[in-house]
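Student: Okay, here's the prediction I keep looking at, along with the sequence it came from:
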Amino acid sequence: MTALFSFIATPFGYVMRFIYELVGSYGLSIILFALLAKLITLPFTVKSKRGMLDQQRLQPKLQELQKKYGKDRQKYSEEMQKLYDQEGVSPMAGCLPSLITLPIMLGLYYVISQPLTYFMQLSPDEIAAVAKALGHTLGTSYTAQIELAGLMHQNFGALAGISDKLMAVDFNFLGMNLAATPSFKVFNLLWIIPVLSGATSFLYSKITMAMTAKAAGTQGAQNTQTQQMNGMMNLMMPAMSVYFGFILPAGLGVYWIANNLLMLAQDYLVTKFLMKQREKKNELQG
């Protein structure tokens, strides 16, 4: 699995470096990377959102099947599949964004946590040479390369001749060191990142669920179990965002914040687009 995400991280590193060389800001590079990822995955998002709206639209009919065949699981599954086939709906269509987002997030984690390997494309020998030139013992923790990259920025003159791929990357963004990891034990400016990560995650979940239900015309049609599950997700995902924001480099938290806000804007625009499409289709059929 590590090899797979390392394979994904390599081209991500080239893209991040290209953006950084254009804008000269590490934090802005992460935000622009998130925007680029959203533009590339837009066609998949539209298809997935259409599937989610179709799923929501079928909720009343699915609840009727549940009442009618709830005790006979096999018959219920058969009738549910018939309904999906009749309506031309794929029950798995709404899962696509999650399947796409996960490898992007993990690939970016490698780029941020191992900037010498993926962002600067240095070989293990070159990384060892950098550490030796700075008199630094390279550890094995996930923050080892970030710490070394920070030392490089402070002592770049000592690295002449090691590699032409070396960069004095400035991890400072809006007064925060994005190479650092926020700590529960030490209150400082970096706390803003996990807090905003959780807040934007909660905002995204609440607003998109409401928009999807409104677009599908199913407000109040969800059963109690579904409502409870959605309520748990609305709390669990933000809580996880805050937790991981405190144990991973701040740069990844910036990506989550940007990604949440971009997803919110994207979902709003895509939902409006699909609603207009459906209205035109209904007018033609009517």
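Tutor: Okay, I see it.

Student: use CA for all of it now, contacts and neighbours both
Tutor: Will do.

Student: buried sites along the helix or strand hosting residue 104?
Tutor: Secondary-structure element containing residue 104, defined by DSSP states H and E: helix 96-113. Buried residues in helix 96-113, defined by neighbour count with 16 or more other C-alpha atoms under 10 Å: 97, 104, 105, 106, 107, 108, 109, 110, 111, 112, 113.

Student: now do stretch 141-152
Tutor: Residues of stretch 141-152 classed as buried under the neighbour-count rule (16+ other C-alpha under 10 Å) are 143, 145, 146, 147, 148, 149, 150, 151, 152.

Student: and that stretch, C-alpha only, in CSV?
Tutor: Listed next in CSV are the C-alpha coordinates belonging to stretch 141-152 (Å, rounded to 0.1, in the frame of the first residue of the first chain):
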residue,chain,number,x,y,z
SER,A,141,9.9,9.6,12.3
TYR,A,142,7.3,11.0,9.8
THR,A,143,8.5,14.5,10.6
ALA,A,144,12.2,13.8,10.0
GLN,A,145,12.3,15.2,6.5
ILE,A,146,10.2,18.3,7.3
GLU,A,147,12.6,19.1,10.2
LEU,A,148,15.5,18.7,7.8
ALA,A,149,13.8,20.9,5.2
GLY,A,150,13.4,23.6,7.8
LEU,A,151,17.1,23.5,8.6
MET,A,152,17.8,23.7,4.8
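
Student: neighbouring contacts of it?
Tutor: When contacts are taken as C-alpha atoms under 8 Å, 6 or more residues apart in numbering, the neighbours of stretch 141-152 outside the stretch itself are 112-116, 131, 134, 136, 138, 159, 168-171, 179-180, 249.

Student: Now restrict those residues to buried residues only.
Tutor: Of the members of those, the ones counted as buried by neighbours, 16+ other C-alpha under 10 Å, are 112-116, 131, 138, 159, 169-171, 179-180, 249.

Student: ok, the buried residues of stretch 141-152 vs residue 87, which is closest?
Tutor: The shortest distance between residue 87 and any of the buried residues of stretch 141-152, using C-alpha to C-alpha, involves residue 143 and amounts to 50.5 Å.

Student: quick one, strands of this protein?
Tutor: Remark: strands assigned in the chain by DSSP state E are 172-173, 176-177.

Student: Which of those strands sits closest to residue 58?
Tutor: Taking C-alpha to C-alpha as the measure, those were each checked against residue 58, and strand 172-173 came out nearest at 46.1 Å.

Student: who does that closest one touch, helix- and strand-wise?
Tutor: Under the contact criterion of 3 or more C-alpha pairs under 8 Å, 6 or more residues apart in numbering; DSSP states H and E, strand 172-173 touches helix 26-40.

Student: List of residues touching the helix holding residue 104?
Tutor: 5-6, 8-10, 12-13, 41, 44-45, 48, 117-119, 142-143, 145-146, 179, 249, 251-252.

Student: Buried subset of those residues, written for ChimeraX?
Tutor: Selecting only the buried members of these in ChimeraX, with burial defined as 16+ other C-alpha under 10 Å, works like this:
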select :5,6,8,9,10,12,13,44,45,48,117,118,119,143,145,146,179,249,251,252
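
Student: Report the two of the buried residues of stretch 141-152 separated the most.
Tutor: Comparing all pairs in the buried residues of stretch 141-152 by C-alpha to C-alpha, the longest separation belongs to 143 and 152, at 14.3 Å.
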